[in-house]
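1. Next input, structure requested:
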Amino acid sequence: MFRIQLSALAVGLTAVTAVAADIPPDSPIARNRMGTMTVKASPNAKITVEQLRHEFWFGATVPGSIFNGRASADDIAKWKEVFRANFNAGVIEAAFKWHDMERERGKVDYSQVDKMLEWADSENIPLRGHCIFWGIPNRVQPWLKELNDHDMRLAIQQRGREIGARYRDRFAEYDLNNEMIHANYYEERLGPAFIREMAGWVKDGDPKAKLFVNDYDITTGRRLADYVKHIQRLLDMGVPIEGIGVQGHLHGDEFDPAALKNALDELAKFKLPIRVTEYNFPGQRSKYYAQQDWRSKQLTAEEEQAKAKALKQFFEICFSHPAVTGIMMWGFWEGANWIPQSSLYKRDWTPTPAAEAYRDLVFNQWWTKWSGSADASGTATVRAFFGKYRVTVNGKERVVDFKKDGSFTVTVGD
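-> Reported below is the predicted structural model:
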């Protein structure tokens with residue numbers, strides 16, 4: 001018999017006999033992403049502790065081309081292989097958006113989303129539902145705009161309730177109404193309190209649905225103050241917001257680390273989980289996106305190295321921050337990425353320096369794998385990142401979840 005005691009106490013406060021990675025015990029990453037795992041076994045028992053998955057979301061978009069038949073069979077197979085090897089969470093890129101799902105009134109196409117969820121379920125990959133509504137005027141279907149206010153309200157009610165009911169317990173979380181600080185057609189038509197009704201209709205279909213706000217130009221600091229006011233207004237109105245999404249692609253050919261950290265610190269005051277929902281580098285203000293004649297050009301070798309360095313710094317800031325719960329890349333392969341130059345993998349699936357930097361962080365520096373023996377009292381203690389683990393003692397194994405906010409003891413074997 002052996003017991004695994006998992007504690008989310010700060011690792012600097014507990015003596016340990018093994019170190020998961022070369023992370024200083026007093027560093028923010030150690031304080032916020034690691035805990036102490038104690039394995040109780042027979043004296044001198046052989047023990048291995050192998051991390052299988054991070055609790056923190058390292059995710060990426062799920063593009064339509066992989067699930068609608070447009071990509072080749074080879075690319076579809078390769079995309080799924082590379083996704084599984086790199087990411088533990090996903091976000092639907094476009095197929096879930098209302099203007100994609102219901103281009104004509106009453107003709108709702110759930111097929112792509114259903115296929116994505118079926119695949120994600122088979123791989124145990126949580127998905128974000130992006131997005132239930134999107135009030136930017138050019139993202140609102142013409143047929144919806146043509147309705148009178150009464151019929152528009154009914155159409156929105158139907159959308160909210162149907163999504164909640166059809167995908168009840170399927171999506172890990174949703175973006176409720178995308179980019180509201182930039183424009184909100186629904187509010188302009190139906191009043192400033194209408195967002196509360198929109199959320200309520202989704203909750204009618206799925207009372208446990210987790211609804212996020214999501215907006216851009218936040219990590220740059222340009223619209224941070226507006227976002228803070230907006231979130232506070234929604235909370236004061238009683239809108240059931242359970243998480244804050246910040247997009248991560250409005251920087252240019254570089255990003256401001258101080259602005260990113262300050263934005264996370266300010267938003268953390270709401271005591272809600274923060275997801276970086278749409279990361280690209282280079283970003284939307286880079287020459288590779290902003291200038292038409294640069295969009296098809298490749299990064300130079302020097303720029304690829306700069307991209308890798310920027311990714312490393314961006315991810316370190318986010319992973320260090322106690323309020324951040326994940327980072328979602330808005331595309332990782334040149335064959336399915338709106339800013340191809342920001343991809344981890346080239347069109348032929350060659351990894352870029354950024355891919356190597358990413359994998360070094362996530363699966364090396366921030367990854368726990370330990371082998372050793374229990375001491376004379378039958379105890380082994382390991383600093384470990386929060387996540388899913390396989391713990392093996394004298395050939396007997398158990399898979400356990402080591403969570404940030406809890407501790408427990410498990411027994412394996414006789």
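2. Burial check on Glu266, number of neighbours?
-> The tally of other residues near Glu266 (other Cβ atoms under 10 Å) stands at 15. Just so you know, the C-beta spots here come from the backbone N, C-alpha and C atoms, and that holds for glycine as well.
3. With Gln157 instead?
-> For Gln157, using other Cβ under 10 Å, the count is 15.
4. Ile181 too?
-> Neighbour tally, Ile181, other Cβ under 10 Å: 17.
5. what helix or strand is it on?
-> Using DSSP states H and E, Ile181 sits within no helix or strand.
6. Likewise for Gln51?
-> For Gln51, the element it lies in under DSSP H and E is strand 46-54.
7. Check which element follows that strand along the chain.
-> Trace forward from strand 46-54 with DSSP H and E and the next one is strand 57-62.
8. Now the element after that next one, going C-ward?
-> With DSSP H and E, the next secondary element past strand 57-62 is helix 73-86.
9. and that next one, what other elements does it pack with?
-> Other elements packing on helix 73-86 under the criterion 3 or more Cβ pairs under 8 Å, 6 or more residues apart in numbering; DSSP states H and E are strand 57-62.
10. How about residues contacting the strand it packs on?
-> With contacts defined as Cβ atoms under 8 Å, 6 or more residues apart in numbering, strand 57-62 is touched by 83, 86-93, 116, 120, 126-128, 275, 325-332, 336, 362.
11. Quick one: end-to-end length of stretch 319-330, please.
-> Distance across stretch 319-330, first residue to last, is 18 Å (Cα to Cα, to the nearest Å).
12. pLDDT (mean, whole number) over that stretch?
-> Average pLDDT, stretch 319-330: 98.
13. buried ones in it?
-> 319-321, 323-330 (16 or more other Cβ atoms under 10 Å).
14. Most widely separated two among those?
-> The span of the buried residues of stretch 319-330, defined through Cβ to Cβ, is set by Ser320 and Trp330 at 21.6 Å.
15. Show only the entries of the buried residues of stretch 319-330 found in helices.
-> Members of the buried residues of stretch 319-330 lying in helices (criterion: DSSP state H): 319-320.
16. Tabulate the buried residues of stretch 319-330 in TSV, adding columns for distance to Ser65.
-> Output for the buried residues of stretch 319-330, formatted as TSV (distance: Cβ to Cβ, whole Å):
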residue	distance to Ser65
Phe319	30
Ser320	34
His321	33
Ala323	34
Val324	29
Thr325	28
Gly326	24
Ile327	23
Met328	18
Met329	16
Trp330	14
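17. Can you tell me which of the buried residues of stretch 319-330 is closest to Phe270?
-> Using Cβ to Cβ, these come closest to Phe270 at Ala323, 8.6 Å.
18. And for the residue lying closest to the closest one once chain neighbours are set aside, the neighbour number?
-> Leaving aside its chain neighbours, Ala323 sits nearest to Ala268 (3.7 Å; criterion: Cβ to Cβ, 6 or more residues apart in numbering). Other residues lying near Ala268 total 16 when counted by other Cβ under 10 Å.
19. from memory Ala268 sits against Pro322, does it?
-> Yes: in this structure, Ala268 is within contact of Pro322 by Cβ atoms under 8 Å, at 7.2 Å.
20. helices or strands next to the strand holding Gln51 in the packing?
-> Counting by 3+ Cβ pairs under 8 Å, 6+ apart, strand 46-54 packs on strand 34-40, strand 369-373, strand 379-385, strand 387-393.
21. Report the mean per-residue pLDDT for it.
-> On average, strand 46-54 scores 96.
22. what are the pairing partners of it, and which direction each?
-> Partners of strand 46-54 in the sheet, by DSSP bridges, are strand 369-373 (antiparallel), strand 387-393 (antiparallel).
23. got the CA coordinates for that strand in PDB?
-> Provided in PDB are the C-alpha atoms of strand 46-54 (Å, rounded to 0.1, in the frame of the first residue of the first chain):
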ATOM      1  CA  LYS A  46      11.000   2.500  -5.700                       C
ATOM      2  CA  ILE A  47       8.900   5.500  -6.800                       C
ATOM      3  CA  THR A  48       8.300   7.500 -10.000                       C
ATOM      4  CA  VAL A  49       6.300  10.600 -10.400                       C
ATOM      5  CA  GLU A  50       5.400  11.500 -14.000                       C
ATOM      6  CA  GLN A  51       3.400  14.500 -15.000                       C
ATOM      7  CA  LEU A  52       0.800  13.800 -17.700                       C
ATOM      8  CA  ARG A  53      -0.800  17.200 -18.100                       C
ATOM      9  CA  HIS A  54      -0.800  20.700 -16.700                       C
END
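24. Brilliant, that's me finished.
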